[in-house]
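Peer 1: Build me a model:
(2 chains)
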Amino acid sequence: MRGKFLKVAVAATATAMLATACGTGSGDGGSDAGGTLRVYASEPAFLLPSNGNDEPSLYVIRQLYRGLVKYNAETGAAENDLAESIESDDQKLWTIKLKDGYTFDNGEPVDADSFIRSWNYAAYGPNAQNNGYFMKRIAGVDDVTSKDPDGDGPEKAPAPKAETMSGLKKVDDLTFTVELSEPFTGFPTTVGYVGFFPMAEACLDDVDACNETPIGNGPYKIDGVWERDVEINLVRSDSWQGEPGKPDAINYRIFADVDSGYAAFQAGELDVMYTLPPARFKDAKASYGDRLFEQAGDSFNYVGLPLYNENFQDKRVRQAFSLAIDRQSIVDAVFDGRYAPATGFVAPSFQGAREGVCTYCEKDIEKAKALLAEAGGWKGDKLVLWANAGASHEAWLQAVGDQIKAALGIDYELKVNLQFPEYLETADNEKFTGPFRLGWGPDYPYLETYLAPVYGTGADSNHATFSNAEFDSLIKQGDSAATIDEAIAFYQQAEDILAEELPVIPMFWRKEAAIYSENVDTFVWNQVDGADYGATSLK
Amino acid sequence: MGRYVIRRLLQFIPTVLGTMFLLHYMTSLAIQFSGNPVRALFGDRTPPPALLQAVTERLGYGDPCLEQKGNPCFGLFLDRVSGVFLHFDFGINMRRQEVTDLVANALPFTLKLLLIAIVFEAAVGIAAGVWAGLRGGSFADNLVKISTVFVISVPIFVLGVVVREFVGVKFGNILRDQEWIPDVIAYGFFSPGFKPDYPFASLLIPGMVLGSVALATTARLTRTSIMENIRADFVRTARAKGLANKRVIGVHTLRNSLIPVITYLGVDIGSAMAGAVVTETIFNVPGIGRLVTQAARTGESPVIIGVVTMLVLVILLVNLLVDLLYAVLDPRIRYE
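Peer 2: Below is the predicted model of the structure:
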């Protein structure tokens, strides 16, 4: 391996030290050499599983900790990791058995308590943990959070009724049961998310220290401390009983700005960069060709329609809008091909996703005109297209407006001056006066995550305020189906309803793009988790 | 002198309080008009109200006055001021880190960067200015004049990016392919940004970029000042006395010429701090500038207030030092 090894590797292997010190290292040191994988990173928000929900945090936590299940790199299917079995007869009461012999880095066993402790800590309202959101299916979650009696007023929220969720019960050291408030067949697929990872008892005693110097149970452990804004070094953990990580060490170099990260990659200082600056995408494709990994990702971009506005209540109007848009031309013209047009509501890489579900997502101006005429024409004034400011949504939204204007003769204006917090508050308060851009990413690799939270009646993120009894009932049937395959059939029927009703106009899937250096032997991209550093081997 | 210093120090108090209030008012207005920044943390996922509230409260954005547009939030300001001055508590950022810790982590990098910039601009700038000023109209003079105009007219964010791309990446990659060049040069000095392995060498180029604009001004200022003084009566007298040329230039001309330059360098520490915001972001230096940029992007009021207040204090202190330095350079100046 040419170039600079980091301190860690140098200290770890004397041979590597000699090789680099002589400056002769040329990569023929053998493929068994682990080496140090140097990766691009942004500053993580938190390294505590119950609190880290942003991409940079997840990339580090996933190597430090492991959960009940892991996701297959190729298919994204959930496979037992620390769990021996996760079973249920009624999809509501789940019994989880753990494999024996796993420990945290400090020697504590990874037992039923460690999971219960972590989930309760995440859910308990006053702890204000970002991943508390993911505990919402567990019975008793309402008792561990409390609402402020006067909204945001001077009175403080009272302490919650309970400190632990009634749905979590320990059976023995390696077995516990989880009772959900509603049946959910997909539950085992959700627990591979970072928010469900276990927590050591020593960690609970001093959560802040554990955030800085994590006590993990995964294939890697932190080397030294988290050097804020500079770097994080991980080394292979001896206490890990599973399949060991490929590199000896992982060095996360922290960048505040993706352009400076790209410059470091160009200068050979990084081995993997999981994201690219949009403006350099073409350049990267030209210079790194076969070392650029690209695939349609799972972040969904849509144009929502405010169904609380009478002009959008006729589904034919919504269909006409969708038919007027040529997605591929926008992708080519505005995004340099960094997005893929959406033809459905579920990410193409997900189990149960189908191509071409949305028959109104292909440009067909004649049909659009006919549908709009059938609906009695456009009754509103100027169409107002909404997006948040400062995130470069103007260009593509303008293209959408132009296409609608060209096809249907409806004049439009852009409303793109709201900052993100205010924009989201506008969404939460249902104040949009026209089509609005928003996105959605999956919480877990199960297609339900694209359906119920966004289109279910009264769901938190249902910004279109879509409400359809048949859709709700299909989701419910899917949730309580006996197997995942049966459930998928129900969810697909529910997706068909969306394709007909179009509460939102599907636009694009963002493409994931990663580049890796010549030092990398095999680069592994996990369908669910993204770049898998622990599985990526160096030459 | 002592009374003068005390008077100046007392003047710091209203300045600092005024700055803090302005910052407080501006960041509060930003929240009042553009919404709760905590909501943006959750993005597309609408958090349950109880969770949103708990996090908002925890991060210090729970004061109800932050929802009333235009309200100057005096209560919150008093809390903040008393927190800062009575408990040395500057609050926390969105990641629940103490602002004092953030500054403590970032400050060494910025100080190193500033030191490199100031030394670079003072040494090279004054040397070039003297060289040009003593030979007015010569080739040296024209060279300095043209090159400084060139540097002044390129904004620092352009210069930074160009240097990073062409010196750090392109030229650096050529050097890194040569085996005989020491690593500290190929991988450290010519790194396209700050590198933890070479904490000093990799800061040199960012420091030079930061110092470059002020370097040009320093050179021009020294040049004019030297040209002016070299014709002054006291220099002629010194020459007439038969003093050595070295002494005439070094003591009589240069020392008097440096007064405006020193003022400029002092004031420049303030603008170099502002320049660090750009340079640190381009070269990925984890210093104060990058911290402020990020805080401004996400609207983290405690960080902005805390860091900018500290910057204001630094600038005030430096200005005071510069004023005191006048007296050292020019005995005619006295402070009563």
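
Peer 1: residues contacting residue 269?
Peer 2: Using chain A here. Listed by Cβ atoms under 8 Å, 6 or more residues apart in numbering or on different chains, the contact set of residue A:269 reads A:4, A:38, A:253, B:191-192, B:195. C-beta coordinates here come from the backbone N, C-alpha and C atoms, glycine included.

Peer 1: meant chain B, my bad for not saying
Peer 2: Here residue B:269 is in contact with B:114, B:118, B:314-315, B:318 (Cβ under 8 Å, 6+ apart).

Peer 1: go with 10 Å
Peer 2: Applying Cβ atoms under 10 Å, 6 or more residues apart in numbering or on different chains to residue B:269 gives the contacts B:114, B:117-118, B:214, B:314-315, B:317-319, B:321-322.

Peer 1: Write a ChimeraX command that selects only the buried members of these.
Peer 2: Selecting only the buried entries of the contacts of residue B:269 in ChimeraX, with 16 or more other Cβ atoms under 10 Å in any protein chain shown as the criterion:
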select /B:114,117,118,214,314,315,318,319,322
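
Peer 1: name the helices or strands packed onto whatever helix or strand residue B:237 lives in?
Peer 2: Using DSSP states H and E, the element containing residue B:237 is helix B:233-240. When contacts are defined as 3 or more Cβ pairs under 10 Å, 6 or more residues apart in numbering or on different chains; DSSP states H and E, helix B:233-240 packs onto helix B:201-230, helix B:245-247.

Peer 1: Check the offset of stretch A:452-459 from the chain's centre.
Peer 2: Distance of stretch A:452-459 from the chain centroid (Cα atoms, centre = their mean, to the nearest Å) equals 18 Å.

Peer 1: before we move on, what about stretch A:331-344?
Peer 2: 20 Å.

Peer 1: In it, which residues are buried?
Peer 2: A:331, A:334-335, A:338-344.

Peer 1: Stretch A:514-534: end-to-end distance?
Peer 2: 16 Å (Cα to Cα, to the nearest Å).

Peer 1: And chain B, is that stretch touching that?
Peer 2: No: on the criterion Cβ under 10 Å from any Cβ of the partner chain, stretch A:514-534 is out of touch with chain B, staying 12.6 Å away.

Peer 1: tell me the contacts of residue A:59?
Peer 2: Residues near residue A:59 by Cβ under 10 Å, 6+ apart: A:39-42, A:44, A:52, A:194, A:232, A:250, A:252, A:274, A:529-533.

Peer 1: Which one of these sits in the busiest neighbourhood?
Peer 2: residue A:250 (31 neighbours; other Cβ atoms under 10 Å in any protein chain shown).

Peer 1: Hmm, that residue is touching residue A:235, no?
Peer 2: Yes: under the criterion of Cβ atoms under 10 Å, residue A:250 makes contact with residue A:235 at 8.1 Å.

Peer 1: before we move on, the earlier item: need the contacts of residue B:269 in a markdown table with pLDDT, secondary structure and distance to residue A:228, can you?
Peer 2: Formatted as a markdown table, the contacts of residue B:269 follow (pLDDT from 0 to 100; DSSP: H, G, I helix; E, B strand; the rest coil; distance: Cβ to Cβ, whole Å):
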| residue | pLDDT | secondary structure | distance to residue A:228 |
| --- | --- | --- | --- |
| B:114 | 91 | helix | 20 |
| B:117 | 93 | helix | 24 |
| B:118 | 91 | helix | 26 |
| B:214 | 89 | helix | 30 |
| B:314 | 83 | helix | 21 |
| B:315 | 84 | helix | 25 |
| B:317 | 87 | helix | 26 |
| B:318 | 84 | helix | 27 |
| B:319 | 84 | helix | 31 |
| B:321 | 85 | helix | 31 |
| B:322 | 82 | helix | 33 |
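
Peer 1: Now for the contacts of residue B:269: which two are most distant?
Peer 2: Greatest spatial distance among these (Cβ to Cβ): B:214 and B:317, at 19.0 Å.

Peer 1: who touches the closest residue to residue A:124 other than its chain neighbours in this structure?
Peer 2: Distance criterion Cβ to Cβ, 6 or more residues apart in numbering or on different chains; nearest residue to residue A:124, sequence neighbours excluded, is residue A:144 at 4.9 Å. Residues in contact with residue A:144 (Cβ under 10 Å, 6+ apart) are A:120-127, A:132, A:135, A:138, A:160-166, B:50.
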